[in-house]
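Engineer: I would like the atomic coordinates for the input below:
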Amino acid sequence: MLFIMAISTPKSWSTPGMHDMEPNTNKLAIHQSGIELPVERLLLMRKDFHYFAIAFTRFWTVNNNKEKYAAYKVYHQGDGTGDFSSKNVTVKEGVASELPLRGPFRPFIYQPGDAYVKCGPFRLTWTYKSFVGFMPPDKGLGDFGFELAPTPWTDIKEVDIKDPRVKWYRYDKNRERVFIHIDNLWGKSPPKK
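Structural biologist: Numbering: from 1, shown residues only. Now for the predicted structure:
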């Protein structure tokens, strides 16, 4: 009986520390496995010749906080230039979701919902509220070639991937988690275009 209880008790499948901050504050967090950003701030993502800008627009829960959701918007620049002012930029909206675990016991427990952010042909791990991982949702921790860059920008017209203040991060198992006030990310507010 104890064996059945032990294998049926779900462990947290999220990275330690993901829920240590409230994303709608003005702080961001950089983890070994991903980045959390305040609501409506743009998180840049790149892989191969694809560039993306991700912004979470709303968070909510239902069913006594058992079901968690985040609405997001993704801008995709796929011609390799990273120019988000180009007419070929596409915009998609999506909803990520984290629903209660289902299944009788391990290894038959699974996580329903869409616990990812869809960026063009890619999907990146997501955890409520605004954690975006460096890996696809069906993979473990590791470097899959995805790079993320937190920014204080809120408008896609501000995005300039060549801005020297933009710092790109990849998965790094040795990175210590850091919290940064969004206004201190680049020292002072970026100039308006």
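
Engineer: hey, where'd the strands end up in this protein?
Structural biologist: Under the criterion DSSP state E, the chain carries strands at the ranges 27-30, 34-36, 43-47, 50-62, 67-77, 90-98, 116-119, 122-127, 131-133, 147-150, 178-181.

Engineer: Could you give me the buried positions within the fourth one?
Structural biologist: Within strand 50-62, the residues that qualify as buried are 50-56, 59, counting by 16 or more other Cβ atoms under 10 Å. (Glycine included, C-beta is placed from N, CA and C.)

Engineer: Contacts made by that strand with the rest, please.
Structural biologist: Applying Cβ atoms under 8 Å, 6 or more residues apart in numbering, the set of residues contacting strand 50-62 from outside is 23-24, 37, 39-46, 67-78, 82, 84, 117, 119-122, 128-130, 132, 154, 156, 159, 161.

Engineer: Check the first one too.
Structural biologist: Contacts of strand 27-30 from elsewhere in the structure, counted by Cβ under 8 Å, 6+ apart, are 17, 20-21, 35-38, 41, 150, 169, 175, 177-182, 185.

Engineer: what about burial for the contacts of strand 50-62, which qualify?
Structural biologist: Using 16+ other Cβ under 10 Å, the buried members of these are 23, 37, 39, 41-46, 67-70, 72-78, 82, 84, 117, 119-120, 122, 128-130, 132, 156, 159, 161.

Engineer: Point out where this protein drops to low pLDDT.
Structural biologist: Applying pLDDT under 70 to the chain picks out residues 1-24, 188-193.

Engineer: Can you list phi and psi of Gly103 for me?
Structural biologist: In terms of degrees, to the nearest 10, the main-chain angles of Gly103 are phi 120, psi 160.

Engineer: tally of neighbours for it?
Structural biologist: Neighbourhood size, Gly103 [other Cβ atoms under 10 Å]: 13.

Engineer: Enumerate every residue touching it.
Structural biologist: Under the contact definition (Cβ under 8 Å, 6+ apart), the residues listed for Gly103 are 109-110.

Engineer: Provide a ChimeraX selection command restricted to the buried entries of the contacts of strand 27-30.
Structural biologist: Entered in ChimeraX, the line below selects the buried ones among the contacts of strand 27-30, by 16+ other Cβ under 10 Å:
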select :21,35,36,37,38,41,150,169,177,182,185
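
Engineer: With Asn26 as the reference, measure out to Ile182.
Structural biologist: In this structure, Ile182 lies at 5 Å from Asn26, with Cβ to Cβ, to the nearest Å as the measure.

Engineer: ditto for Pro150
Structural biologist: Using Cβ to Cβ, one gets 12 Å for the distance from Pro150 to Asn26.

Engineer: ok, what's across the strand from the residue nearest the centre of the chain?
Structural biologist: Centroid-nearest residue in the chain, with Cα atoms, centre = their mean: Val132, separated by 1.6 Å. With beta bridges defined as DSSP bridges, Val132 has these partners: Ile35, Trp126.
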